[in-house]
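> Attaching a predicted model along with its sequence, questions to come.
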Number of protein chains: 4
Amino acid sequence: MKIGIVGLGKMGGNIARRLMDADHECVVFDTNSDTVAELQKEGAEGADSLQKLVDSLSAPRTIWLMLPAGEITDSTITTLGDMLEADDTLIEGGNSFFKEGVRHARELSERDIHFIDVGVSGGVWGRERGYCLMIGGEKSVVERLDPIFSTLAPGKGDIDETPGRREEHLDDRAEQGYLHCGPAGSGHFVKMVHNGIEYGMMQSYAEGFDILRNRNKEELPEDERFDLNLADVAEVWRRGSVISSWLLDLTAIALAKDEKLGDYNGRVDDSGEGRWTIEAAIEEAVSANVLSSALFARFRSRRDHTYGEKLLSAMRQQFGGHVEGGG
Amino acid sequence: MKIGIVGLGKMGGNIARRLMDADHECVVFDTNSDTVAELQKEGAEGADSLQKLVDSLSAPRTIWLMLPAGEITDSTITTLGDMLEADDTLIEGGNSFFKEGVRHARELSERDIHFIDVGVSGGVWGRERGYCLMIGGEKSVVERLDPIFSTLAPGKGDIDETPGRREEHLDDRAEQGYLHCGPAGSGHFVKMVHNGIEYGMMQSYAEGFDILRNRNKEELPEDERFDLNLADVAEVWRRGSVISSWLLDLTAIALAKDEKLGDYNGRVDDSGEGRWTIEAAIEEAVSANVLSSALFARFRSRRDHTYGEKLLSAMRQQFGGHVEGGG
Amino acid sequence: MKIGIVGLGKMGGNIARRLMDADHECVVFDTNSDTVAELQKEGAEGADSLQKLVDSLSAPRTIWLMLPAGEITDSTITTLGDMLEADDTLIEGGNSFFKEGVRHARELSERDIHFIDVGVSGGVWGRERGYCLMIGGEKSVVERLDPIFSTLAPGKGDIDETPGRREEHLDDRAEQGYLHCGPAGSGHFVKMVHNGIEYGMMQSYAEGFDILRNRNKEELPEDERFDLNLADVAEVWRRGSVISSWLLDLTAIALAKDEKLGDYNGRVDDSGEGRWTIEAAIEEAVSANVLSSALFARFRSRRDHTYGEKLLSAMRQQFGGHVEGGG
Amino acid sequence: MKIGIVGLGKMGGNIARRLMDADHECVVFDTNSDTVAELQKEGAEGADSLQKLVDSLSAPRTIWLMLPAGEITDSTITTLGDMLEADDTLIEGGNSFFKEGVRHARELSERDIHFIDVGVSGGVWGRERGYCLMIGGEKSVVERLDPIFSTLAPGKGDIDETPGRREEHLDDRAEQGYLHCGPAGSGHFVKMVHNGIEYGMMQSYAEGFDILRNRNKEELPEDERFDLNLADVAEVWRRGSVISSWLLDLTAIALAKDEKLGDYNGRVDDSGEGRWTIEAAIEEAVSANVLSSALFARFRSRRDHTYGEKLLSAMRQQFGGHVEGGG
């Protein structure tokens, strides 16, 4: 298929490459013309404006947007909406809030333009491993785009088949690594929850390794102190344990390189999806202590000391004469 | 009554003073002879050893221990146990683990020595306000010591009577601020949970004031930013709001003095009781997310950056190419 | 002053009564004409429509809205906005989201109508105790309305003065129980955080009393089991302890009535403000584990069993052959 | 090697089988003689008492204990300790508290008997996949037992090698799935933290799937409601996503079988290791909100309604006139 790709960052560029590897034709655009030039060398057709990109495609057009969530995605959709025709399709693959997808679909449908939201997982490894795709939008349109999605997805590979799926007549595409989740917004919704779970899992490992690491503290009884090699612990857990996972594979790589993690200062960013997951939980009145604690741990990591903590000391001094601080 | 008091720190010294104010006779001992001398000036009889203190009392003796929880309390009980006679009473008023009280009572009962554990709340304000006392041990012994407990407790004061208590024939002493909770250990158990709740309440205020304080961040939309006077907010909440409390009174005092809390560095200590509360909850299989989060906030406050947080950054770099840190 | 009051539920009706007790004139309206009639008997001037209420007031008018947060408040503000004139004032006293207040103020200011948001705490006790008021809006307007606010607030009463406030020249009104917090929205913002803290405090007590209550479980060692009288424990903690509070006073009342709490099924509602507090924390990137856990505990209390918990059992059966459930 | 195995439950029996498959000789004992008979049929030498089992082995003996943690493990170690000779080795493979291992090693060392603690992960899949082994004890003894450990472990299999391990000269055995962690107790310590992480990961999935499941609630806006096929979602996440893991593989199996999870009632057990992980975190003053919330979610799942939650309703009724419950 021929497809336009807007946004050639770490994700968008590799999506184009993976598609071209499978002989899809890509017309590409980015405000950074260097990235366009680079992909042209690799076989893509370059466009130096959104209009040129639209003009290079014949109806019904398919354009994949891979931009940072927020204003830029929003305004690009508005601009493209004005350039496109009935039956054209806009695919939005960024980490956008799912309610934005619902809104875009509603607005574009007024002009019979199709909106498809795709949550994309896999990070920088995706070009090689393939991307896990969570897709929302009209069924018929998603089916028309199957060649694109099946190319980007990892395929069955050597991952064990889940027993019982055959008999239940579940969706084949899930086993290829892509799924039509439901109507517009549902792709980003499933991806959002995916990232929420990711936060929880990462924090589970983080707390566990922190407990291992602090087992050698001087204040502990001497025969209950252990000086553990955490690179080896991560490695052994990859093999036959209940907690083996891809995140643990990555942990083992990082710890093999430097068990002290000296390259990191401990300030951890978060992105919209971890936050929206908690807001969705609240909206649904679902208890989500683990996912919220994982998010809050990142918030706390970026502060030196909080006003709240100083207030604790102030209260303690008031009632107990405990003098803390001094700085 | 005549009573021996061992341990003349912030709490023990004031307990002696409050008792002497009400014409009880106190024989006092501390390894720091200056504190003994000071209390002698205020009317106490000084002892320069545990044995002298025991000898200054006539059977059946009553001795109040007010020492730091742990080894020193433990060894002093052992020492005194050897010096005392049948029907003497040891009162343990420190912040000890309740299971220690259970054990002490069992061991001392073999020699017919009574053991009473008392949880004492009120901090440095107790001498004036009176102490809230949670008492465990044999009923008859607790009743014999009523003159001591009723003196130390705040009494009814001008605190409103709880409607309905009269008709239910509930324990009068609770309204005076002291309570026989049950058998040995139960006094320290109730005090332990009291402190667990205290952690949760303090952290509730801490988080709330932190949210107020951060409402003036530049990244927020301008008309949704507020630069609030937190000393005034604390003050207004003392008056008719649902969250008025003694801890809020203390917060208002601290914030009136310095709304920026510049005297504190944000590192907050914790004591055994907050920890034991979580262990008791686990033992009982009771969910206690708030009390444990309050404890963990203090742990986190004492660390600059954790190994766990660095691990989060390491994973993020592995899968997403996010480069964090640099220190 | 003469003031219009719209919404005569538990809160609005008592606000009118407290104002009339102090000789303010109230014109009242509610869609439920019975409540209007009742207040007429107590001295209010009744109106049978919003327009009548507006007409009964002379410019510059002051109207207090006390309606459930959400659509009804929103549409009433729109309707009144069309009826009012420049320099009239709308006071919004419901439990509304603070960003709504920011928006209303902006929209009404286009027609020079003043918008004041007031967070009101005190519940059903407020008529007698007075209401704690957190006020947002233009300074000059808030000052003009001082007679209203000072009447509704509790006043200094016999609550101890906070040492140090005098010297710092802090706002006098806070000591009376009302505070001009800042621009429009800030009143509801401070009230929202107040409720967030309230959730945390309530859950702190809830967990603590749950731990006390479960100390008599058969599976615990016999001498570490205590059968505590929780009505007495609540009462004794009111007296000199660190965790005394108004919420504890209410707890003592409820437990004196029925220590088993047999009237309640354990399903606990939550309102918008607890939720918005977490969203505000997320927006500010402030860690709020205690306040969010308190909210989630209420969510969980309203469900019998969650899908997530069943999934835990399903995983356990897959890896460990643990068979759980059976229903 | 020849080895004695005591305890032939789900784990012990399969350990014997996996060893015999690799031509190790096993002498087996269990108080349930049926399980002994069954293993005899599969080639093991049966013993009808601990003494017989000891007598069937020649010095230096190796005996693997695979019993439920607690009293039975404890008393069996005591009994065997009396039967064994200097230089014999006891391997304790149950889910025991690591401090028990420290104590056993100390006590047995007085008679020159070696104590090795092994944390075993892999569940019912271990016989086929191999077991992940975390080993504590004297280095020379662990090395002597290498044939046993290397047989039980999964071996390298087709799991990708972790880049960078070679250059760092890290322990080869970790890549085979077994690791000498450190001195006695450290094997069970690492396994304990492993299980703590497992709880956190499981709860991360549980909360995520709960949020997905509840997205179809009637009270949500219609175009923001999604009726997702969770079996397909679990499947697609196994393929190229960041959160792929063995636990997710198991989740996919369970959901393919019955997406409604109708076989489970939602009451989830917990074992000692999840609890001890929190106690270890507290002992080390490490913040562990995620791991503790995961534990508490299981506690809460086993209760219908809590006393604490009823107390929340009672307070709400006192201050707000909110009537909740009625049962």
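That came through fine. Numbers count the residues shown, from 1 in each chain, chains lettered A, B, ... in the order given.
> which bits of chain A sit near chain C?
A:242, A:270, A:275, A:278-279, A:282, A:285-289, A:292-293, A:295-297, A:299-300, A:302, A:306, A:308, A:319 (C-beta under 8 Å from any C-beta of the partner chain). (C-beta placed from N, C-alpha, C; glycine too.)
> Report the distance from the lengthiest helix in chain A to the chain centre.
Secondary structure of chain A per DSSP state H: the longest helix is helix A:186-213. Centroid displacement of helix A:186-213 relative to its chain, using C-alpha atoms, centre = their mean, to the nearest Å, is 11 Å.
> export the longest strand along chain A as CSV, just CAs?
Ordering each strand of chain A by length in residues (DSSP state E) puts strand A:114-121 first. C-alpha atoms of strand A:114-121 as CSV (Å, rounded to 0.1, in the frame of the first residue of the first chain):
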residue,chain,number,x,y,z
HIS,A,114,-12.1,8.2,8.7
PHE,A,115,-10.2,8.4,11.9
ILE,A,116,-8.2,5.5,13.3
ASP,A,117,-6.4,5.7,16.6
VAL,A,118,-3.5,3.3,17.1
GLY,A,119,-1.6,2.7,20.4
VAL,A,120,1.9,1.6,19.5
SER,A,121,4.1,-0.3,22.0
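> Need the residues that contact the next helix or strand after it.
Using DSSP states H and E, the helix or strand that follows strand A:114-121 in sequence is helix A:126-129. Counting by C-beta atoms under 8 Å, 6 or more residues apart in numbering or on different chains, helix A:126-129 makes contact with A:11, A:14-15, A:17-18, A:120, A:122, A:154, D:240, all of which sit outside it.
> any idea which helix or strand comes after helix A:126-129?
strand A:132-136.
> Just the angle for that next one relative to strand A:114-121, thanks.
150 degrees (axes from the mean of the first three to the mean of the last three C-alpha atoms, to 10 degrees).
> Flag every buried residue along strand A:132-136.
Buried residues in strand A:132-136, defined by neighbour count with 16 or more other C-beta atoms under 10 Å in any protein chain shown: A:132-136.
> export those to TSV and tack on distance to chain B and pLDDT?
Output for these, formatted as TSV (distance: C-beta to the nearest C-beta, whole Å; pLDDT from 0 to 100):
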residue	distance to chain B	pLDDT
A:C132	12	97
A:L133	16	98
A:M134	17	98
A:I135	21	98
A:G136	23	98
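> May I see those residues organised as CSV, with distance to A:N32 added?
As requested, the buried residues of strand A:132-136 are exported to CSV (distance: C-beta to C-beta, whole Å):
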residue, distance to A:N32
A:C132, 27
A:L133, 25
A:M134, 28
A:I135, 28
A:G136, 29
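> now for those, which pair is the farthest apart?
Farthest-apart pair in these is A:C132 and A:G136; separation 14.4 Å (C-beta to C-beta).
> residues in contact with the residue most central in space within chain A?
Averaging the C-alpha coordinates of chain A gives a centre point, and the residue nearest to it by C-alpha atoms, centre = their mean is A:S121 (4.9 Å). Neighbour list for A:S121: A:131-132, A:134, A:191, A:194, D:237, D:240-243 [criterion: C-beta under 8 Å, 6+ apart].
> Nearest to B:A44 among those?
Distances from B:A44 to the contacts of A:S121, taken by C-beta to C-beta, are shortest for D:I243, at 66.8 Å.
> now the closest one: how far from chain A?
5 Å (C-beta to the nearest C-beta, to the nearest Å).
> in chain A, which spans are strands?
A:2-6, A:25-29, A:45-46, A:62-65, A:89-92, A:114-121, A:132-136, A:178-182.
> what is the mean pLDDT for the longest one?
To tie it back to what came earlier, the one meant is strand A:114-121. The average pLDDT within strand A:114-121 is 97.
> can you give me the angle that strand makes with helix A:186-213?
10 degrees.
> For A:L228, see how far away the nearest residue to A:A105 once chain neighbours are set aside is.
Nearest non-adjacent residue to A:A105, counting by C-beta to C-beta, 6 or more residues apart in numbering or on different chains: A:A184, 3.3 Å away. Distance of A:A184 to A:L228, given as C-beta to C-beta, to the nearest Å: 49 Å.
> which one of those two has more residues nearby?
A:A184 (25 against 21; other C-beta atoms under 10 Å in any protein chain shown).
> For the closest residue to A:R239 other than its chain neighbours, give me its contacts.
In this structure, A:R239 finds its nearest non-sequential neighbour in D:G177, 3.2 Å apart by C-beta to C-beta, 6+ apart. By C-beta under 8 Å, 6+ apart, the contact set of D:G177 is A:236, A:239-240, D:130-133, D:153-155.
> how near is D:G177 to B:G240?
For D:G177 relative to B:G240 (C-beta to C-beta), the value is 64 Å.
> Next: A:I148.
For A:I148 relative to B:G240 (C-beta to C-beta), the value is 63 Å.
> between these two, who's got more neighbours?
Counted by other C-beta under 10 Å, A:I148 and B:G240 do not tie: B:G240 has more neighbours, with 28 against 23.
> Kindly list the main-chain dihedrals of that one?
phi 90, psi 0 (degrees, to the nearest 10).
> now do the one 4 residues further on
Here the main-chain torsion angles of B:S244 (degrees, to the nearest 10) amount to phi -70, psi 140.
> Hmm, C:W246 and it touching each other?
Yes - in this structure, B:S244 is within contact of C:W246 by C-beta atoms under 8 Å, at 4.8 Å.
> Leaving out sequence neighbours, find the closest residue to A:K2.
The nearest residue in space to A:K2 (C-beta to C-beta, 6+ apart) is A:E25, at 4.2 Å.
> who's in contact with the helix or strand of chain A with the lowest mean pLDDT?
Sorted by mean pLDDT, DSSP states H and E, the helices and strands of chain A end with helix A:165-168, the least confident at a mean of 79. Residues from elsewhere that reach helix A:165-168 (C-beta under 8 Å, 6+ apart): A:175, D:231, D:235, D:252, D:256-257.
> could you dump those residues to TSV with neighbour count?
What follows is the contacts of helix A:165-168, written out as TSV (neighbours: other C-beta atoms under 10 Å in any protein chain shown):
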residue	neighbour count
A:E175	23
D:A231	24
D:E235	29
D:A252	29
D:A256	22
D:K257	18
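> Name the nearest of these relative to C:A44.
D:A231 (61.6 Å).
> Quick check: nearest residue in space to that closest one, chain neighbours excluded?
D:L255 (4.0 Å).
> residue contacts, the one you found?
C:314, D:230-231, D:234, D:261.
> Show me just the buried residues among those.
C:314, D:230-231, D:234, D:261.
> Test my guess that A:A294 contacts A:I197.
No - here A:A294 does not reach A:I197: they are 9.4 Å apart, not a contact under C-beta under 8 Å.
> Quickly list what's touching both of those two.
D:S204.
> hang on, the earlier thing: Serialize the contacts of helix A:165-168 to TSV and add fields for pLDDT.
Compiled in TSV, the contacts of helix A:165-168 are given as follows (pLDDT from 0 to 100):
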residue	pLDDT
A:E175	95
D:A231	96
D:E235	96
D:A252	96
D:A256	95
D:K257	94
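> Among those, which one lies nearest to chain C?
D:K257 (8.6 Å; C-beta to the nearest C-beta).
> ok, and the closest non-adjacent residue to the closest one?
A:G164 (5.0 Å).
> repeat for A:I253
A:I253's closest residue in space is D:T162 (C-beta to C-beta, 6+ apart), at 5.5 Å.
> Flag every residue of the stretch 151-300 of chain A that's near chain B.
A:202-203, A:205-207, A:209-210, A:213-214, A:246-247, A:250-251, A:253-255, A:261, A:263-269, A:289, A:293, A:297-298, A:300.
> Only whichever of those are buried, select them in ChimeraX.
In ChimeraX syntax, the buried subset of these is picked out as below (16+ other C-beta under 10 Å):
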select /A:202,203,205,206,207,209,210,213,214,246,247,250,251,253,254,255,261,263,264,265,266,267,268,289,293,297,298,300
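> how about the helices in the stretch 201-327 of chain A?
Using DSSP state H, counting those that start in this stretch, the helices of the stretch 201-327 of chain A run over residues A:230-237, A:246-257, A:272-284, A:289-301, A:307-320.
> quick revisit: I figured the residue nearest to A:A105 was touching A:V118, is that so?
No - at 10.9 Å, A:A184 does not count as touching A:V118 under the criterion of C-beta under 8 Å.
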